[in-house]
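Predicted coordinates and the sequence they were generated for:
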Amino acid sequence: MASLFLLSSAAAWSQEVECTQADRAKIESILRKAATEAGNENRMIYFGKQFLGIPYVAHTLEEGNKEHLIVNVHGLDCTTFVETVFALYLCDKEDRRTFDDFCRNLTKIRFRNGKMTDYTSRLHYFTWWGEDNEQLGLVRQVVRDGFPFSAIQTVNINYMSAHPEYYKQLKLHPEFIPVIRSQEQETNGRMFRYIPKSRLNGSPKELADVHTGDIISIITNKDGLDTSHVGIVFWQNGKLHLMHASSLYKKVVMDQKTFYNYSQGQKSHLGIRVYRPN
């Protein structure tokens, strides 16, 4: 059972964290082990592999009646998988290996300007996630004019404010709806280059801008949304593949289907935007 406790430090930083003792022990064990297993493997892939086979579970961040930091590594969706791996990556890079360090990095990644206040401070759309983490210097969006970034997305998001009934916190706190709507409208109209899915079958030379360990968001044509899925890419036998928490496979996998073949089977997928951990 998950428990709620107060995480604090001498730096006058504190917040409520919900997790199980097993999850806390797993995070600390992974970070300790990583210190002795440097190796040459890409570190995003290294940390991602620690969760292979973990069940896919949606909506794990919607517990409770108010926003707090939830750490759940016994059930992951596509976003919480990427966030967990990236928070571990940052701890490893900083050589900080306590659960408190992990929680600080997870907060930085998950919330607007790295600060959690209420539900509206969470980076619900991946466009927000990418822009905010880039602003904090944690990632950079990989993009260039022209090939292979030959398509342009004009963001038009309104799914959350148009469908508050699908979100527990918006049902409990209808006063958050206009705040979310204002945040959505502030983003709408922004344009981003992306790699169309028809290009994902390219060779390592043709897709040289995409590196093993990059975080990708999949552009969608679904009304009101910007992206429909996120994961971490890797090259295998000259083809691009995806490591992700998969609702199809019901677990975290290093997909043996090529990313191109996976994407061709998803009609709503248009292509990818690429983010590289700094």
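Cool, got the structure.

What does the closest residue to residue 247 other than its chain neighbours show for phi and psi?
Distance criterion CB to CB, 6 or more residues apart in numbering; nearest residue to residue 247, sequence neighbours excluded, is residue 56 at 5.4 Å. C-beta: built from backbone N, CA, C; applies to glycine. Main-chain dihedrals, residue 56, degrees, to the nearest 10: phi -80, psi 120.

Beta-bridge partners for residue 56, please?
As for beta bridges, residue 56 partners with residue 76 under DSSP bridges.

how about the strands of the stretch 101-250 of the chain, start to end?
Listed in chain order, the strands of the stretch 101-250 of the chain (DSSP state E, counting those that start in this stretch) span 139-142, 151-154, 191-196, 215-220, 227-236, 239-246.

And stretch 126-145, what's buried?
The neighbour-count criterion (16 or more other CB atoms under 10 Å) identifies 126, 127, 128, 129, 130, 131, 132, 133, 138, 139, 141, 142 as the buried residues of stretch 126-145.

between the residues you listed, which is closest to residue 267?
Using CB to CB, residue 126 is the member of these that sits closest to residue 267, with 19.5 Å.

that older thread, for the residue nearest to residue 247, what are its contacts?
Residues counted as contacts of residue 56 (CB atoms under 8 Å, 6 or more residues apart in numbering) are 75, 76, 77, 245, 246, 247, 249, 250, 251, 252.

Kindly provide the distance from it to residue 165.
24 Å (CB to CB, to the nearest Å).

okay, and for this structure, where does confidence drop off?
In the predicted model, the chain carries pLDDT under 70 at residues 1-14.

mind running it again at 80?
By pLDDT under 80, the low-scoring segments of the chain are 1-15.

where do the helices sit along it?
For the chain, the helices defined by DSSP state H occupy 21-36, 43-49, 78-94, 99-110, 126-135, 159-162, 168-172, 177-187, 259-264.
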